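Undergrad: got a sequence here, can you model it:
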Amino acid sequence: MEMEVTFPGGARVDASFGPYVVRTDQPPAEGGEGSAPTPFALFLASFGTCAGVYVLGFLRKRSLPTDGVKLIERAHRDPATGMTDQVEIEILLPAGFPEKYREAIVRAAEQCAVKKHLEKPPAILVSARQA
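TA: Numbering: from 1, shown residues only. Predicted coordinates for the structure are as follows:
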């Protein structure tokens with residue numbers, strides 16, 4: 001996959017790939033307009049949305065309704081470093097959800113590809129050249 005990252009103005013930075021454009025911005029306090037999530041917020045959102053894809057697949061495979069099911073993600077920071085040191089994803093299940101599936105739906109969410117890539121992160125190589 002190849003993405004093109006461009007600078008459409010202000011503190012905005014966009015990534016284009018295929019038919020999609022992912023827009024990012026910085027909050028006003030950091031020189032942006034707050035018109036889009038920050039890149040780091042998108043990074044964090046990728047955990048919950050990826051886990052959500054696996055939860056949705058689990059529910060669909062068993063013909064279980066999605067009504068009342070949602071995921072709550074909480075990012076915790078180490079106050080000494082300011083770095084996110086823990087991400088918690090809680091699956092909220094509606095009343096009447098079959099108890100026999102509770103552990104299995106957690107295992108499904110844990111299969112998230114984003115989570116697995118962080119457990120064995122890719123090398124990130126940065127270079128520069130004349131266009």
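Undergrad: how's this structure carved up into domains?
TA: Domain assignment for the chain by automatic domain parsing gives 1-36, 38-122.
Undergrad: looking at the ones you listed, which is nearest to Ala131?
TA: domain 1-36 (11.7 Å; Cβ to Cβ). Just so you know, the C-beta spots here come from the backbone N, C-alpha and C atoms, and that holds for glycine as well.
Undergrad: for that closest one, what is the average pLDDT?
TA: In this model, domain 1-36 has an average pLDDT of 97.
Undergrad: what does stretch 114-122 give?
TA: In this model, stretch 114-122 has a mean pLDDT of 94.
Undergrad: sorry, back to before: may I see the domains of the chain arranged in JSON lines, with distance to Arg129 and mean neighbour count as well?
TA: Output for those, formatted as JSON lines (distance: least, Cβ to Cβ, whole Å; neighbours: other Cβ atoms under 10 Å):
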{"stretch": "domain 1-36", "distance to Arg129": "15", "mean neighbour count": "12"}
{"stretch": "domain 38-122", "distance to Arg129": "21", "mean neighbour count": "13"}
